[in-house]
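K.L.:
Output the structure for:
(2 chains)
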Amino acid sequence: MAIELKMPALSPTMEEGTLAKWLVKEGDTVSSGDVLAEIETDKATMEFESIDEGVVGKILVAEGTEEVKVGTVIAILATDGEDVSDAAPAPAPAPAESEEKAEDPADPLPVSAPEAKPRVADPEIPAGTNMVTLTVREALRDAMAEEMRLDERVFVMGEEVAEYQGAYKVTQGLLDEFGAKRVIDTPITEYGFAGIGAGAAMGGLRPVVEFMTFNFAMQAMDHLINSAAKTNYMSGGQMRCPVVFRGPNGAASRVGAQHSQNYAPWYASVPGLIVIAPYDASDCKGLLKAAIRSEDPVIFLENELVYGEKFEVAQLDDHVLPIGKARIMREGADVTIVSYSIAVGIALKAAEELAGEGIDAEVIDLRTIRPLDKEAVLESLAKTNRVVIAEEGWPTCSVASEIVALCMEEGFDHLDAPVTRVCNEDVPLPYAANLEKLALIDKDKVIAAVKKVCYR
Amino acid sequence: MAKTPSARSASSKRSPAPKASAADNKTPLDILQTEFEKDRRFKADADTLLHLYEQMLLIRRFEEKAGQLYGLGYIGGFCHLYIGQEAVAIGLQSAAEPGKDSVITGYRDHGHMLAYGIDPNIIMAELTGRQAGISHGKGGSMHMFSTEHKFFGGHGIVGAQVSLGGGLAFAHKYNEDGGLCIAYFGDGAANQGQVYETMNMAALWDLPIVFVVENNQYAMGTAVKRSSAETEFHKRGAAFRIPGMDVDGMDVLEVRQAAEVAFKYVREGNGPVLLECNTYRYRGHSMSDPAKYRTREEVQDMREKHDPIEHAKADLLKLGVEEDKLKEMDKAIRARIAEAADFAENSPEPEPSELYTDVLVEEY
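P.N.:
Numbering: from 1, shown residues only, chains lettered A, B, ... in the order given. Model prediction:
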């Protein structure tokens, strides 16, 4: 049976090309792998190989012909000794893909993103539940220990998590209870162990990978984004990566620019990731437990400066909180302060002081940055008509910027004043004590912004 | 940090096997090469070799068809063909067990999938971006997976699969399931830092992993000698006390024999092996490779004198297999591939609603 040799697409963008040179002539016998012609594409001159065996029967496009459309029959290959010498040139058939490109580009997307599922409230704490005072550090440790007791697949790995008991003591005591098989000291090799963690999750385990600080996760970024976040989608839902990457994030104290950065907006921009950045001990415990149980990859951002702070935590057998839900930390009627992580504490102090001046501020802790609890922000905006965002991080392309966009797009009619960001200064964090203080968000900056949107 | 001896740290290390372990710093790094040199070729009977030949031919014909469909516009983007390298995946994976031993590789992944018995239809349909594709058309040539077979991709970032493979090996050891991980990477990826980070941890923790360098001589267009200070990649595990093996990747029986030696060592709990398979890709790096960095004669010489399929064919004829039988086999494979191509061309594209599925597993 004669085989039509068609003008091939030889690059992702090629639609037509020049048939520069024939390297065979009519009557030549060719076999698989022989170069038939040289074709100039939009990128380079390429060799066009035969994948079949036969005799070149008829050449239909002469060498030197320009603008030969992809898919045009350029020659006929005769197999089994047939005669194809009278074959006529055929018009260029449109290849499979280009037909579809002809659709009206103005057509709107035929589907829309699925609606978020109905909001879930934090579980009720039964009356009479004993409350205990825990540091954030202890709450995080307890979360890991409880999940490790429940599920053999959960293990913790990272630098100094085992014998040193954690660079910030978050993993204190885990080695003693669970042994070296499940609490693993890694070498200083972030890219490598982030990959091993992600791979172990693909292989069916539940790794909790600690970065000594998230600044070092920059060395491992590829595995967080390309390996962990995209696998479920790229595999059509077949291959999961239920890993938790956790550690301190944001500015610490006097450690300079390379050790002081809030990565929440970076990770929050990536579909496929869950990003959690809680503030108090109760949320840290309940959300870390939820993160470890999640089938999705989670970036769990803690804050070193909050590790030692004490909060009340309900003494429950299984304190698990819903991912993706904000928490109203303080109810108010005049203005909404949206915040997360360490800045929640700053916002609460500001609200307290503002109350003394007759401004009743509502404080919302986002807790989860992705997926964002838009409804909580918009409901509060509808009530107070004014929004200030307090974020310990840079202003440009920040979570604050995202909240501003949300309020503009979906809450515009409720706004009585411009949504205002209070963030760190847009500079690398300096070392000098006075400069560092100037660069960071503080209570007074939040108070000033609130007064401004309240026209006070 | 000073290490204090304690019961805990002693138990953290695998108790030494009766034979010497790589971790005790005494194992000669050529221990496996020496074993391999005793007899480099696997003793295959005619049926066994015929099966290996059939699998290699399936990859060859599949890839030729993929190249053709690319030329016709059915396949878009990047498409990296495995033609010339068939003996590597077949030699190794014929010694492994799908569903038990995990396999992970880079973007040149079609051959490793076929070697693990994954249906050509759904691979080809993924290449054409159809709903019936193994990733529902959302992965493409470089991103395909089959957890059922323990084929873990299909990764587009050069070298990333090596650390991920370290994690798969970690899971085998953690679960004590007796499996090992074959982590393939190229001579180009062999210069990525994370490969060595992973080798260090794999050796430190005695992970059951076989690092396989498929040295096809060119990282895109850069020849090995222009990119690598040490071009003998099997020696690169020395810094981590990982024994290496130097293998002719154009001979399926030699690759199979190397796999037998390496897998035995790894399954005995001795930790990783680094296996270098010297091979050659006939086609360009991807479909849009102008091939200006090597001569036509060089490619032709490899095809004519070192082709893995022709090599196996010559062995089969020596074993008394009739040439007609091989021709029949080729015909059947061509028909099988034609069926896969028809399936891939005629299957519908994904529903628009697939755009939003599988971003996350759970609802929040």
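
K.L.:
give the contact list for the most centrally placed residue in chain A.
P.N.:
Chain A has residue A:270 as the residue nearest its centroid, 2.6 Å off, counting by Cα atoms, centre = their mean. For residue A:270, the contacting residues are A:225, A:229, A:370, taking Cβ atoms under 8 Å, 6 or more residues apart in numbering or on different chains as the criterion. (C-beta placed from N, C-alpha, C; glycine too.)

K.L.:
So the last one is in contact with residue A:268, correct?
P.N.:
It refers to residue A:370. Yes: when contacts are counted by Cβ atoms under 8 Å, residue A:370 is listed as touching residue A:268 (4.4 Å).

K.L.:
Name the residues contacting each of those two.
P.N.:
The overlap between the contact sets of residue A:370 and residue A:268 (Cβ under 8 Å, 6+ apart) consists of residue A:275.

K.L.:
More neighbours: the two, which one.
P.N.:
A side-by-side neighbour count of residue A:370 and residue A:268, using other Cβ atoms under 10 Å in any protein chain shown, places residue A:370 first with 26 against 22.

K.L.:
Could I get the pLDDT score of the more buried one?
P.N.:
According to the predicted model, the pLDDT of residue A:370 comes to 98.

K.L.:
how close does residue A:153 get to residue B:87?
P.N.:
If you measure residue A:153 against residue B:87 using Cβ to Cβ, to the nearest Å, the figure is 37 Å.

K.L.:
For those two, indicate the residue with more neighbours.
P.N.:
Comparing residue A:153 with residue B:87 by other Cβ under 10 Å, the one with more neighbours is residue B:87, at 31 against 19.

K.L.:
hey, C-alpha coordinates of the helix or strand the more buried one falls within in CSV?
P.N.:
Element membership for residue B:87, per DSSP states H and E: helix B:86-93. Taking only C-alpha atoms (Å, rounded to 0.1, in the frame of the first residue of the first chain), the coordinates of helix B:86-93 have been written out as CSV:
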residue,chain,number,x,y,z
GLU,B,86,15.6,0.5,24.2
ALA,B,87,18.0,-2.1,25.7
VAL,B,88,18.4,0.0,28.9
ALA,B,89,14.8,0.0,30.0
ILE,B,90,14.1,-3.5,28.9
GLY,B,91,17.2,-5.0,30.3
LEU,B,92,16.6,-3.5,33.7
GLN,B,93,12.9,-3.7,34.0
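
K.L.:
Walk me through which strands the following helix or strand past it pairs with, and which way each runs.
P.N.:
Stepping forward along the backbone from helix B:86-93, the first helix or strand reached (DSSP H and E) is strand B:102-105. According to DSSP bridges, strand B:102-105 has the following sheet partners: strand B:151-154 (parallel), strand B:181-186 (parallel).

K.L.:
Tell me, how many residues neighbour residue B:363?
P.N.:
Counted with other Cβ under 10 Å, the neighbours of residue B:363 add up to 12.

K.L.:
which one is it nearest to, not counting chain neighbours?
P.N.:
residue A:117 (4.5 Å; Cβ to Cβ, 6 or more residues apart in numbering or on different chains).

K.L.:
For the residue in the stretch 351-456 of chain A positioned nearest to chain B, grab the count of nearby residues.
P.N.:
Nearest to chain B in the stretch 351-456 of chain A, going by Cβ to the nearest Cβ, is residue A:371, at a distance of 5.3 Å. As a burial measure, residue A:371 scores 19 neighbours (other Cβ under 10 Å).

K.L.:
Which residue comes closest to it once chain neighbours are left out?
P.N.:
Here the nearest residue to residue A:371 in space, its sequence neighbours aside, is residue A:324; by Cβ to Cβ, 6+ apart that works out to 4.7 Å.

K.L.:
surely the one you found meets residue A:368?
P.N.:
Yes: A contact is recorded between residue A:324 and residue A:368 when judged using Cβ under 8 Å, the distance being 4.9 Å.

K.L.:
what are the ranges of the strands in the stretch 101-250 of chain A?
P.N.:
A:131-135, A:154-158, A:183-185, A:206-210, A:244-248 (DSSP state E, counting those that start in this stretch).

K.L.:
Can you tell me the SS state at the residue nearest to the centre of chain A?
P.N.:
Assigned state for residue A:270: coil (three-state reduction, DSSP: H, G, I helix; E, B strand; the rest coil).

K.L.:
Now do the same contact list for residue B:145.
P.N.:
Taking Cβ under 8 Å, 6+ apart as the contact definition, residue B:145 lies against A:231, A:234-235, A:238-239, B:134-135, B:139, B:151-154.
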